[in-house]
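*Asks:* Compute the structure for the input listed below.
(one chain, ligands or ions: 3)
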Amino acid sequence: MSGSKYAGPRPRLERCLEKALAERPLADEEILFLLGLEEQEELAQLFKAARLLRERHFGRKIFLYGFLLFSTWCRNRCRFCCYRAPNSLVRRYRKTREELGEAAVRLAQSGVHLLDLTMGEDPLYYREGGEERLIDLVRFIKSKTGLPLMISPGTLSEAALAALVREGVQWFACYQETHNRALFNRLRLGQDYDYRMEMKRAARRLGFLVEEGILAGVGETPADIVASFRAMAELGAQQVRVMSFIPQAGTPLQDHPTPPRLRELKIIALLRLLFPDRLIPASLDVDGIEGLKTRMEAGANVVTSIIPPHSGLQGVSNSTLQVDEGFRTAEKVSVELAKMGLAAATAGEYARWLRQAQRKIA
Ligand code: SAM
Ligand code: MD0
Ligand code: SF4
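*Replies:* Numbering: from 1, shown residues only. Ligands and ions are numbered 1, 2, ... in the order given. Here you go, the predicted model:
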């Protein structure tokens, strides 16, 4: 940092980054200022500060999450999502316990630290006996792999959440996409903003670690992004994410452009500045393996959406991108991480982080 006495854009940047590196809270105006950076050299300083904070809390170790989308059926009609109920252009499947178990074991053997069990809001799991079916599936995957688990089912009853905690599921992921209610209502058609938020608070109270997330490029303003940061803090989310919107054929937003990636990268860096000790994903679902480097350089410390090739399992926003090519595997990710001077953590390191995070919320 230079010792310049002149007030101007550069000293302001330095002041903000010094404050962030001291882990002091940033004011809204400071966050907005950082989100507005455009100049290469200034952005490089922002990303460097984010990496310094990551290194302080996590060293050079990165966590890897396997992704298991076990049903692509969904009763909802989120405007951005290819799996919305009325979309006839998307491939639908519902995996059996055995098929899922096989994929889970392959992921576990490949060295991922956690399995993210995700579904569309498949009506099968909401009818009589559906929750028991879901709980049985989770128990089966746990018994097959012994790995830590995340569940991303959309909305569930509090009783089902409680049962999943009892089964030993550590994480509940549920993304609001935005914390601007009007924008939420335009994106998640027919869904209740407060119900979705309250579910995450209930999950926290029940002992889950919670992941919150937002979409970039769906009409959010910089002020909306700040509001999301505040909501993530208030929720006490232990993992916080942003993903760029990817247009999906057959959906109302199919012609809406994907945003410039710099927006996502700046949000990742800001997440690291504001939540230095939390988990922040770089998703392979947005830009595949080519998108890994910039996201790690922006301060991410988890790689998500690792999918076993030739399993018939899909991602979400780039549902088949690079899956069967084997580019979305733990092996491939580890090779790329090594080029950046980073490495996959050990299972023990992830377990230690989990224990400490669970102690903090107890
Ligand atoms: N159905 C559950 C739910 O909605 O919470 C879990 C699965 S849902 C597919 C997981 C997340 O994928 C969404 O919350 C959203 O953030 C993301 N997503 C869906 N469509 C996307 C798109 N077109 N571009 C980027 N992200 C998308
Ligand atoms: C990902 N496609 O990590 C997954 C998904 C849900 N918990 C995660 C959005 O990108
Ligand atoms: Fe269904 Fe989730 Fe897609 Fe919304 S985001 S349509 S709830 S799968």
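*Asks:* So out of everything in the stretch 201-350 of the chain, what residue is nearest ligand 3?
*Replies:* For the stretch 201-350 of the chain, the residue closest to ligand 3 is Val316, as judged by Cβ to the nearest ligand atom, at 7.3 Å. For glycine as for every other residue, the C-beta is placed from the backbone atoms N, C-alpha and C.
*Asks:* I'd guess that residue is in a helix, am I close?
*Replies:* No - going by DSSP: H, G, I helix; E, B strand; the rest coil, the assignment for Val316 is coil, not a helix.
*Asks:* can you count the residues close to the closest residue to Leu284 other than its chain neighbours?
*Replies:* Excluding its sequence neighbours, the residue lying closest to Leu284 (Cβ to Cβ, 6 or more residues apart in numbering) is Ser305, at 4.3 Å. The number of residues packed near Ser305 is 25, by other Cβ atoms under 10 Å.
*Asks:* Tell me the secondary structure at Ser305.
*Replies:* Per three-state DSSP, Ser305 ends up strand.
*Asks:* hang on, isn't it packed against Ser283?
*Replies:* Yes - the pair Ser305 and Ser283 passes the contact test of Cβ atoms under 8 Å, sitting 4.9 Å apart.
*Asks:* List the contacts of the residue of the stretch 151-300 of the chain found nearest ligand 3.
*Replies:* Here the stretch 151-300 of the chain gets closest to ligand 3 at one residue, Gly154, 4.7 Å apart by Cβ to the nearest ligand atom. Counting by Cβ atoms under 8 Å, 6 or more residues apart in numbering, Gly154 touches 74, 76, 119-121, 174.
*Asks:* Confidence-wise, which helix or strand of the protein is lowest on average?
*Replies:* Counting by mean pLDDT, DSSP states H and E, the chain has its least confident helix or strand at helix 9-21, which shows a mean of 91.
*Asks:* Let me know the angle separating the helix or strand following it from helix 9-21.
*Replies:* Following helix 9-21 in sequence order, the next helix or strand is helix 28-35 (DSSP states H and E). Put simply, helix 28-35 runs at 110 degrees to helix 9-21, going by axes from the mean of the first three to the mean of the last three Cα atoms, to 10 degrees.
*Asks:* Give me the number of neighbouring residues for Ser88.
*Replies:* Applying other Cβ under 10 Å, we find 7 residues neighbouring Ser88.
*Asks:* Distance-wise, check Ala347 relative to Pro148.
*Replies:* Separation of Ala347 from Pro148 (Cβ to Cβ, to the nearest Å): 9 Å.
*Asks:* Could you tell me which residues of this structure lie near ligand 2?
*Replies:* Contact residues (Cβ under 6 Å from any ligand atom) of the chain with ligand 2: 67, 116, 118, 152, 173, 283, 285, 304-305, 315-316.
*Asks:* Mind doing that once more with 8 Å?
*Replies:* Proximity of the chain to ligand 2 (Cβ under 8 Å from any ligand atom) is limited to residues 65, 67, 69, 116, 118, 150, 152, 173, 175, 211, 213, 241, 243, 281, 283-286, 304-305, 315-317.
*Asks:* Out of the residues you listed, which end up buried?
*Replies:* Those of the residues of the chain next to ligand 2 that meet the buried threshold are 65, 67, 69, 116, 118, 150, 152, 173, 175, 211, 213, 241, 243, 281, 283-286, 304-305, 315-317, by 16 or more other Cβ atoms under 10 Å.
*Asks:* which ones among those are found in helices?
*Replies:* Using DSSP state H, the subset of those located in helices is 284-286.
*Asks:* which one of those residues sits closest to Lys266?
*Replies:* Within these, distances to Lys266 taken as Cβ to Cβ reach their minimum at Val286, with 14.7 Å.
*Asks:* and that closest one, how far is that from Ser317?
*Replies:* Taking Cβ to Cβ, one finds Val286 at 6 Å from Ser317.
*Asks:* which strand in this structure runs the most residues?
*Replies:* strand 61-71 (DSSP state E).
*Asks:* do that one and ligand 3 meet at all?
*Replies:* No - figure legend: strand 61-71 not in contact with ligand 3 (Cβ under 8 Å from any ligand atom); closest approach 8.8 Å.
*Asks:* Show me what counts as buried in the least confident helix or strand of the chain.
*Replies:* 10, 13-14, 16-17, 20-21.
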